[in-house]
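S.K.: Need the 3D shape of this:
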Amino acid sequence: MDYIIVQAGGKGTRLKYLTENKPKGLVPVNNLPMLFHLFEQYSDKRFVIIADYKKEVMRKYLEAFAKIKYQVVDAAGTGTCAGISQALELIPEAEPFMLVWSDLILPDSLELPAGYRNKIEQPKKDFVGISEDFPCRWSYENSRFKEVSSSKHGVAGFFLFRDKSRLAGIPDSGELVRWLQQQKIVCDEVGLSGTKEFGLIEEYEKLEKNKCRPFNKISIEGDVLTKYPIGQQGEKLAARECAWYEKAKQLKVKVLPEIYGTSPLTMEFIKGKNIYEYSLGYEQKKEILEQLIFSLQQLHTLVSAPVDTFSIKENYYYKTMARLEKIQDLVPFARDREIIVNGRKCRNVFFYRRELEDKLEKLVLNCTEFVFIHGDCTFSNMMLRDDGRPVLIDPRGYFGFTELYGDVRYDWAKVYYSIVGNYDRFNLKEFSLHISDEKDSGVQLDILSNEWEDMENLFFELTGANEIEIKLLHAVIWLSLTTYAWQDYDSICGAFYNGLWYLEEVL
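M.R.: The predicted structure follows:
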């Protein structure tokens, strides 16, 4: 079997706010759009994607990020039959294929029946996927489709057909399973135990909240935490993180977890929480911020290196613009000179890139040395022990082209990113984004607060950092987040709009 048709044309109204700006197939589950779970599981197949609701978002998103063979068809008609006849035109004669709903996450253990696993033998039967452990409106028993709800015999939106003639005459509109019932189509069953269906907001909200772009998995045994890298990017980041911890240990940095080994990274399990998870009063926050700033200042004074101007330009400008250029056609209004964000008319960075470049080049002139930096000191990477002592975790380990050392202002901008920007809540997708159809109405972005905004003045007082420089870098960091958070369409758009909102203050 070489072909997979994905029915991704529904509006996904049962997913409520998750599909306000995007089709349901792009709703992220475990930091990957639902549709992309299929892409990863069957990366050698050819996909025909049926699109309808927000179909331009689907097309542009796939153009930007899909790395498989695919075609998109615009569904004619309505219901689960919509677009299937068009999709079948792209399937060669006598070729078996899968037809699957986009809101199903199939288990890795799923084994396709004989005839569908390879091209050695031609399948002789059609198959219907049976839910076994989640409810479906239709059921299949005794070789018959029935409009009776079932969790053990449910029709789960997964089918295998020996060739496209099996669906000859399918209408443009209507319910596929009802049509199969009327045609008295007989199928064998394939169990889908372990499959997850995310057509309902209730099922989605049961998921553990994940941060954008996890590159590792963690195991905890007693007081020991071990991090295992995931993928090529994870391996690269893990090597840099380990090198940073080794250097920090050599420099006797105190505000770190105890490091036991670096292959893999094994460390003390901190009994405590991330800073943003605490509900704190003004005086408590003031005391914690003073400790954090003091700890980072100590870190920055331990050792220095010559300035690498190429790293500054790369980290602040080239990397940011490269990421933005990938999503310019994807984000609504990104081809307009100005965009209304939360009622503010903001200049679009694509039209004012030279002004941004000029301001960032002044940062090069104002940098006299590189220091040992953490590189990603947001509240998500800072913890408090149960006794209130701060701990720095998850260092970045590089800056531009330079390992370990970098511009001290980058660390301060990352702290500001949590204090004022509420990045940590955004990272957990605790935000709402409304994108209007009208340019004059623009977009509305609301991010849940970390409740640290009242520390902004104290932050500048304690760090001595230049306010305009930090606000400029803060805007750049938001803009740079766009492609880094690629798994969630709303995060891509939200990071872009938020970056413009902050950039407008300093352009």
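S.K.: What pLDDT does the model give the nearest residue to residue 304 once chain neighbours are set aside?
M.R.: Using CB to CB, 6 or more residues apart in numbering and skipping the chain neighbours, the partner closest in space to residue 304 is residue 369 (4.6 Å). In short, each C-beta sits where N, CA and C put it, glycine included. pLDDT recorded at residue 369 is 96.
S.K.: Distance check, residue 369 against residue 307.
M.R.: Taking CB to CB, to the nearest Å as the measure, residue 369 and residue 307 are separated by 6 Å.
S.K.: Just say helix, strand or coil for residue 94.
M.R.: Following DSSP: H, G, I helix; E, B strand; the rest coil, we place residue 94 in the coil state.
S.K.: Does it touch residue 163 like I think?
M.R.: Yes. Taking contacts as CB atoms under 8 Å, residue 94 lies within contact range of residue 163: 5.1 Å.
S.K.: of those two, who's got more company?
M.R.: residue 163 (18 against 10; other CB atoms under 10 Å).
S.K.: in terms of contact, does the more buried one touch residue 95 like I think?
M.R.: Yes. At 6.3 Å, residue 163 and residue 95 qualify as touching, with contact defined as CB under 8 Å.
S.K.: Now do the strands in the stretch 251-400 of the chain.
M.R.: 259-262, 265-268, 272-274, 304-305, 338-341, 344-347, 370-372, 382-385, 390-392, 398-399 (DSSP state E, counting those that start in this stretch).
S.K.: Out of those, flag the one nearest residue 131.
M.R.: Relative to residue 131, the nearest member of the strands of the stretch 251-400 of the chain by CB to CB is strand 272-274, separated by 37.3 Å.
S.K.: Which strands or helices does the closest one pack on?
M.R.: When contacts are defined as 3 or more CB pairs under 8 Å, 6 or more residues apart in numbering; DSSP states H and E, strand 272-274 packs onto strand 382-385.
S.K.: Is residue 48 located within a helix, as I assumed?
M.R.: No. Read with three-state DSSP, residue 48 is strand and lies in no helix.
S.K.: Check what pLDDT it gets.
M.R.: Confidence score, pLDDT, at residue 48: 98.
S.K.: Check residue 226 too.
M.R.: As predicted, residue 226 sits at a pLDDT of 94.
S.K.: Direction included, what does the helix or strand harbouring it pair against?
M.R.: Element membership of residue 226, judged by DSSP states H and E, is strand 224-229. The strands that strand 224-229 pairs with in its sheet are strand 216-221 (antiparallel), strand 265-268 (antiparallel) (by DSSP bridges).
S.K.: Any chance of those in a markdown table with mean neighbour count, distance to residue 86 and mean pLDDT as columns?
M.R.: Formatted as a markdown table, these follow (neighbours: other CB atoms under 10 Å; distance: least, CB to CB, whole Å; pLDDT from 0 to 100):
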| stretch | mean neighbour count | distance to residue 86 | mean pLDDT |
| --- | --- | --- | --- |
| strand 216-221 | 12 | 40 | 86 |
| strand 265-268 | 17 | 50 | 94 |
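S.K.: Show me the one of these that comes nearest residue 326.
M.R.: Closest of the strands paired with strand 224-229 to residue 326 is strand 216-221, at 24.2 Å (criterion: CB to CB).
S.K.: Mind exporting the C-alpha coordinates of the closest one to CSV?
M.R.: Below are the C-alpha coordinates for strand 216-221, written out as CSV (Å, rounded to 0.1, in the frame of the first residue of the first chain):
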residue,chain,number,x,y,z
ASN,A,216,14.4,15.2,25.2
LYS,A,217,12.6,12.8,27.4
ILE,A,218,13.1,12.6,31.2
SER,A,219,13.2,9.7,33.6
ILE,A,220,13.2,10.1,37.4
GLU,A,221,14.4,7.5,39.8
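S.K.: how about the strands paired with strand 224-229 in CSV, adding distance to residue 473?
M.R.: Output for those, formatted as CSV (distance: least, CB to CB, whole Å):
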stretch, distance to residue 473
strand 216-221, 26
strand 265-268, 28
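S.K.: Which of those sits closest to residue 138?
M.R.: Of the strands paired with strand 224-229, nearest to residue 138 by CB to CB is strand 216-221, at 36.8 Å.
S.K.: and the closest one, how far out from the chain's middle?
M.R.: Strand 216-221 has its C-alpha centroid displaced from the chain centroid by 20 Å (CA atoms, centre = their mean, to the nearest Å).
S.K.: and what of stretch 304-315?
M.R.: Using CA atoms, centre = their mean, the offset of stretch 304-315 from its chain centre is 29 Å.
S.K.: average model confidence for that stretch?
M.R.: 97.
S.K.: go on, stretch 146-162?
M.R.: For stretch 146-162, mean pLDDT rounds to 94.
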